[in-house]
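Asker: Return a 3D structure for these sequence lines:
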Amino acid sequence: MTTYPEVVSLLPHRPPMLLVNRVVDVQEKLGSAEAVVEPSHLFLREDGTLSPEVIGELVAQGFGVCEACRRLDKGLTIDGGGYLANLRDMEVFAPICLGDTLIIKTEKIDECFNTHIVRGEVFCNEHKLAQATVYIFMWEGEVPAQTL
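Answerer: Next up, the predicted model:
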């Protein structure tokens with residue numbers, strides 16, 4: 001079993017915006033991460049479900065932690081950052097609820113001009129709850145001037 005770094009060391013996000021809890025698996029273009037919906041979750045609504053808009057951010061963070069692990073395995077830096085630039089083809093099949101342990105599966109489809117195109121699926125107990133394609137702009141080092 002592979003041991004991965006703590007997610008707090010892989011992403012610039014901090015609670016309450018850090019939504020993923022751990023890296024589960026990392027392969028060349030595929031990866032998976034875990035997120036637990038706790039009572040303090042930033043996007044938890046009064047009815048005990050998450051706002052559907054969180055799907056894009058879950059996929060982006062799931063990909064982000066896996067991509068950081070890939071870079072570290074290659075001896076590359078993870079200094080820099082990124083942001084969710086676009087969300088497409090989002091489908092929600094069932095609500096995400098308080099207490100759910102989510103597995104976020106991601107696949108890097110393509111990359112163009114520092115933008116990663118990623119297909120993601122969100123599961124709970126083997127049931128697919130949602131899926132989306134996200135476009136994530138990423139950079140190394142200091143924030144590029146054109147992003148400010």
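Asker: where along this structure do the strands fall?
Answerer: With strands called from DSSP state E, the chain shows them at 22-26, 30-36, 80-92, 101-112, 115-124, 127-140.
Asker: Find the nearest non-adjacent residue to E111, please.
Answerer: In space, E111 comes closest to I117 once its chain neighbours are excluded; the distance is 7.0 Å by C-beta to C-beta, 6 or more residues apart in numbering. Backbone N, C-alpha and C define where each C-beta goes, glycine included.
Asker: ugh, wrong one, Q131
Answerer: In this structure, Q131 finds its nearest non-sequential neighbour in E121, 4.6 Å apart by C-beta to C-beta, 6+ apart.
Asker: G62 now?
Answerer: Closest residue to G62 apart from its sequence neighbours, by C-beta to C-beta, 6+ apart: I104 at 3.3 Å.
Asker: Thought C124 was touching the one you found, still the case?
Answerer: No - between I104 and C124 there is no contact under C-beta atoms under 8 Å: 10.4 Å.
Asker: still on that earlier bit, would you quantify the distance from the residue nearest to G62 to G141?
Answerer: Relative to G141, I104 is positioned 27 Å away (C-beta to C-beta, to the nearest Å).
Asker: wait, what's in contact with the closest residue to R71 other than its chain neighbours?
Answerer: Distance criterion C-beta to C-beta, 6+ apart; nearest residue to R71, sequence neighbours excluded, is I78 at 5.4 Å. By C-beta atoms under 8 Å, 6 or more residues apart in numbering, I78 lies in contact with 10, 68, 71-72.
Asker: Done for today, thanks.
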